Every structure is written in structure tokens, then in C-alpha cells.
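Asks: Compute the structure for the input listed below.
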Amino acid sequence: MSRNIDYSQPLSEDDEAWASQFPSLHGGSVAANREQFPRPEGETLGGSDAEEVPYAQWAKRDLEAETKRRNTEEGTALKTTGTQAELAAQLEADDVARAV
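Replies: Numbering: from 1, shown residues only. Got it, this is the predicted structure:
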């Protein structure tokens, strides 16, 4: 299944989520679109009260980047390599541990 995405306009959440599933094809275009049309901190196209996207739906490169950020900025010692599912599960577990 293909989708016609106009990268010259801000991406909808659906288009961004769909394109993020194919990082080798669309990763650069999604990243360039995010730079060209940044969203304010904590805000999504659906508004500030929109639900967060589960880690299982994140692109692997985004999971790796979040893991590295936590290690650098928050002093965690999370694994920065692994499958997408392993990285997502690790971040979920870290969130649960922080909530306690």
C-alpha cells in the first residue's frame, strides 16, 4: 500500500506515523519536515491533550535516540542497541520504574 504525502506542508499525525514505519524510504523526509515545521514542546497536531504515541509505534531510530538521551541527560544505563520491540519494552519498563 502506498500513500501520497506532501512533505512541503506540515504532516498530519497519521501521515507521520505511516511514513515513520518505513525509515529507509521516508525517514529523511519526515525529519526534514519536522525541522521545517517544528511543533511547540509538548504539543501535537491533535492538541496538547492528545494521547502520547506508544513506544511500539516509534521508529527504531527514535527509540535509540530517546535511549541515548536518557543515558546522557538523566544518567540511566539503558541498552542503546537491540530490536525495535526490545528498545520499546526497555523504555516502557524505565517509565514504570520512574513512576514508582
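
Asks: Angles on the backbone of the residue nearest to residue 10 when sequence neighbours are not counted, please.
Replies: Closest residue in space to residue 10, ignoring its immediate chain neighbours: residue 37 at 4.0 Å, by CB to CB, 6 or more residues apart in numbering. C-beta coordinates here come from the backbone N, C-alpha and C atoms, glycine included. Per-residue torsions, residue 37: phi -130, psi 70 (degrees, to the nearest 10).

Asks: I'd like to know how far residue 37 sits from residue 97.
Replies: Separation of residue 37 from residue 97 (CB to CB, to the nearest Å): 34 Å.

Asks: Have a look at these two and say which one is more surrounded.
Replies: residue 37 (12 against 9; other CB atoms under 10 Å).

Asks: Looks like the more buried one contacts residue 8 (just checking).
Replies: No. Using CB atoms under 8 Å, residue 37 makes no contact with residue 8, being 9.6 Å away.

Asks: what's the closest non-adjacent residue to residue 81?
Replies: Using CB to CB, 6+ apart and skipping residues adjacent in sequence, the residue nearest residue 81 is residue 64, 7.6 Å away.

Asks: Who are the contact partners of the residue nearest to residue 10?
Replies: Going by CB atoms under 8 Å, 6 or more residues apart in numbering, residue 37 touches 9, 10, 11.

Asks: Save these as CSV, and put in neighbour count, secondary structure and pLDDT too.
Replies: As requested, those are arranged in CSV below (neighbours: other CB atoms under 10 Å; DSSP: H, G, I helix; E, B strand; the rest coil; pLDDT from 0 to 100):
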residue, neighbour count, secondary structure, pLDDT
9, 11, coil, 87
10, 15, coil, 88
11, 20, coil, 84
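
Asks: rewinding a little: for the residue nearest to residue 81, list the residues it contacts.
Replies: Neighbours of residue 64 in contact, by CB under 8 Å, 6+ apart: 80, 81, 87.

Asks: May I see the buried residues of the helix or strand that contains it?
Replies: Using DSSP states H and E, residue 64 sits within helix 60-74. For helix 60-74, a neighbour-count test (16 or more other CB atoms under 10 Å) marks 60, 62, 63, 64, 66, 67, 70 as buried.
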